[in-house]
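> Predicted structure and sequence below. I'll ask about it afterward.
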There are 2 protein chains.
Amino acid sequence: MAAKVTIATVARRANVSRQTVSNVLNTPDIVRAETRHRVREAIAELGYRANLAARQMRTGRSNLLAVRIDHFRDGREGAVLDRFLHGLAEAAGAEGYRVVLFTAEGDDGEIESYRELLGSYALDAFVVTHTHHGDRRTAWLLQHDVAFTTFGRPWSDTDMYPPPSPSAPPPFGHSWVDVDGAAGTAMATRHLIDAGHSRIGFLGWPTGSGVGDDRFAGWSRTMAEAGLAVAGLDRRTTNGFAEGRAAARDLLARRHPPTALVCASDLLALGAREAGDIALVGFDDTAMAHATGLSSVRQPIDEVAAACVRILVDELDHRRAGVTAPVRHVLRTPHLVVRDSG
Amino acid sequence: MAAKVTIATVARRANVSRQTVSNVLNTPDIVRAETRHRVREAIAELGYRANLAARQMRTGRSNLLAVRIDHFRDGREGAVLDRFLHGLAEAAGAEGYRVVLFTAEGDDGEIESYRELLGSYALDAFVVTHTHHGDRRTAWLLQHDVAFTTFGRPWSDTDMYPPPSPSAPPPFGHSWVDVDGAAGTAMATRHLIDAGHSRIGFLGWPTGSGVGDDRFAGWSRTMAEAGLAVAGLDRRTTNGFAEGRAAARDLLARRHPPTALVCASDLLALGAREAGDIALVGFDDTAMAHATGLSSVRQPIDEVAAACVRILVDELDHRRAGVTAPVRHVLRTPHLVVRDSG
DNA sequence: TTGTAGGCGTTATCAA
DNA sequence: TTGATAACGCCTACAA
């Protein structure tokens, strides 16, 4: 354990006051070049690093971003969350922030965690993932004037506009970052059309999930634009391998079966692959797709994470300056990874 | 934003001094029951929560555990690290600790991160993952007397016993938690033997990786114990789907081909599945195995994470008391998830 | 441009 | 058993 090096140590070494050292650190411009240089040398020689706890105590900023880590869920969530966390940690690190994890059960459990973490002044902002219809979390955060952004759009108006209250002045909406799922499935559909298919089906999740409906929309819109019929070509089911297989079998058994399928997840696509010979495109470009040669729509997760961090850092900077940051919405376009399957 | 509630607020409300409130929080035994009760009521009424930055400043403890999050690597790493992080965050939370992430490139990059994080007093201990032969990280941490534990055994003596130095007194080894990979492949092998197979092959990674050699050992040991020949039945290759397929084809083309394969990863197993009709057992029980009905050896990741946290909390408690914590080694046994593949 | 004084919220020390 | 005082390391305001 090296001896403790504080601002005072550096000050003594550089023959200046503690305040001058602090200035070199925080507002270098107001320090004479020669002094600044001397102080920086002392800092380097002594290997000085600011004590973050002390800084936080004084400034009230912890430079910590919190994100909930979910239970492992098969397929999609696993791989995507993993990449997201990595991207988040990397982007945050570059901005002088760090990422802390917390776990919670359900929306209300997550809100309880917000209370705890905020109560102990343990973090500056939250990244909220897996937004859904009627999301109570975003409403809570808005009402409590907490800095946050979401990976995922608000899927209903009530998520965007909580009941106005003195503590939640306009604008009521919140910043978010998301991937344009419809653009992804549109891309997949177009790819299959270009490959010569005309009876292209869609395998997705039950109506009602924002993400699922979005992905459905990209397919149906593109089919319509190409003048292709969609009647009887789509099947909605819960996410899963067996479910994908069953749904695909069902589609293939119809009078005019599809020759290709756009799927809302790799898992569904892999299930469908077992249902018979059919061109496939999955979604999320998971390890499974990579491993099994499945074409898949890949979300630019690193960019999403970086955008989240940028938004939050900007938001925190604005708050520090006492002004309201603009609400920002970032929608990134995924890209299609073509493999032998489609 | 609720008004700030500090220990002083609570003290006033309960008609005691700040110190008494602090005592109720940290050493409740020394406070008279009646006073303690009154203070606790005030805490509840006011929704008081300790300011962690202030506490850290005073105690020098941040209650933060740091873990590096790697780049996403296909297959294995993704799913396992994901589960591990969740388990870590959950177990840490239960002990009043939180988990912070950091990224780094290579061992030396990780060591540089240690320097930074420790220098700013930003965390109490590290969890080190993916230990390997000649791991410089553990040696560095030992030499600098940093609290840490590893998920993964030290795979060479030099990892365990750094050059003795005044700052690293005995015991030189470090605590670790790991999964008994050999037990896992032994289990898989026995399962295949019980299913009637006698020519059971092994598909693994090149010699030299601790984890890979460990998994190989379980297979070869079990085959020997059962009096079964292993000559010409194993194939080592880099991890990957195509690699697994090629290696399996190679094995199947031999004069006396195996009828079943124990694989060091799900990815290899899924590749092997495409090589022909052969019973398979994978490793890690990833989403891929779950989705495709592949039998697989599942590591008790949650238990590993919990053990890591327990070791670290214990270590930190000892340090706080000024005594050396015993070095602990935890080796957990995986279990076999049987599906239709094997 | 540089230095001095004070306080952030907590806990450790010691006195009452 | 409880309370007063000081100190952790930093930053902000203000004075020199």
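Perfect, I can see it now.
> residue contacts, the residue nearest the centre of chain A?
Centroid-nearest residue in chain A: A:Phe151, 3.5 Å away (criterion: Cα atoms, centre = their mean). By Cβ atoms under 8 Å, 6 or more residues apart in numbering or on different chains, A:Phe151 lies in contact with A:Phe84, A:Val127, A:Val128, A:Thr129, A:His130, A:Thr131, A:Trp176, A:Val177, A:Asp178, A:Val304, A:Ala305, A:Cys308. C-betas here are computed from N, CA, C, even on glycine.
> Now with 10 Å, please.
For A:Phe151, the contact set (Cβ atoms under 10 Å, 6 or more residues apart in numbering or on different chains) comprises A:67, A:80-81, A:84, A:88, A:127-131, A:176-179, A:299, A:301, A:304-305, A:307-308.
> The helix or strand hosting A:Asp82 - what's its average pLDDT?
Using DSSP states H and E, A:Asp82 sits in helix A:76-94. Mean pLDDT, computed over helix A:76-94, is 85.
> Return the distance of the helix or strand that it is followed by from the chain's centre.
Next along the chain after helix A:76-94, taking DSSP H and E as the criterion, comes strand A:98-102. Centroid separation between strand A:98-102 and its chain, computed with Cα atoms, centre = their mean, to the nearest Å, is 14 Å.
> try stretch A:203-221
With Cα atoms, centre = their mean, you get 19 Å for stretch A:203-221.
> does chain B sit close to that stretch?
No: using Cβ under 10 Å from any Cβ of the partner chain, stretch A:203-221 never reaches chain B; the gap is at least 14.3 Å.
> ok now do the closest residue to the residue nearest to the centre of chain A other than its chain neighbours, which residues does it touch?
Nearest residue to A:Phe151 in three dimensions, chain neighbours excluded: A:Thr129, at 4.7 Å (Cβ to Cβ, 6 or more residues apart in numbering or on different chains). Counting by Cβ under 10 Å, 6+ apart, A:Thr129 makes contact with A:67-70, A:77, A:80-81, A:84-85, A:88, A:137, A:150-152, A:304, A:308.
> is any part of the helix or strand where A:Leu312 lies close to chain B?
Following DSSP H and E, one finds A:Leu312 within helix A:301-320. Yes: using Cβ under 10 Å from any Cβ, helix A:301-320 reaches chain B at A:Ile301, A:Asp302.
> residues of that helix that come out buried?
A:301-316, A:319 (16 or more other Cβ atoms under 10 Å in any protein chain shown).
> Count the residues that sit near the closest residue to A:Leu85 other than its chain neighbours.
Distances taken as Cβ to Cβ, 6+ apart place B:Ile69 nearest to A:Leu85, at 5.7 Å, with adjacent residues excluded. The local packing of B:Ile69 (other Cβ atoms under 10 Å in any protein chain shown) involves 23 other residues.
> So B:Ile69 is in contact with A:Ala92, correct?
No: applying Cβ atoms under 10 Å as the test, B:Ile69 and A:Ala92 come out as separate, 11.1 Å apart.
> any residues in contact with both of the two?
Contacts common to B:Ile69 and A:Ala92, judged by Cβ under 10 Å, 6+ apart, are A:Val99, B:Leu101, B:Phe102, B:Thr103.
> dump the residue contacts of A:Ala11.
With contact taken as Cβ under 10 Å, 6+ apart, A:Ala11 is in contact with A:Ser17, A:Arg18, A:Gln19, A:Thr20, A:Val21, A:Ser22, A:Val39, A:Ala42.
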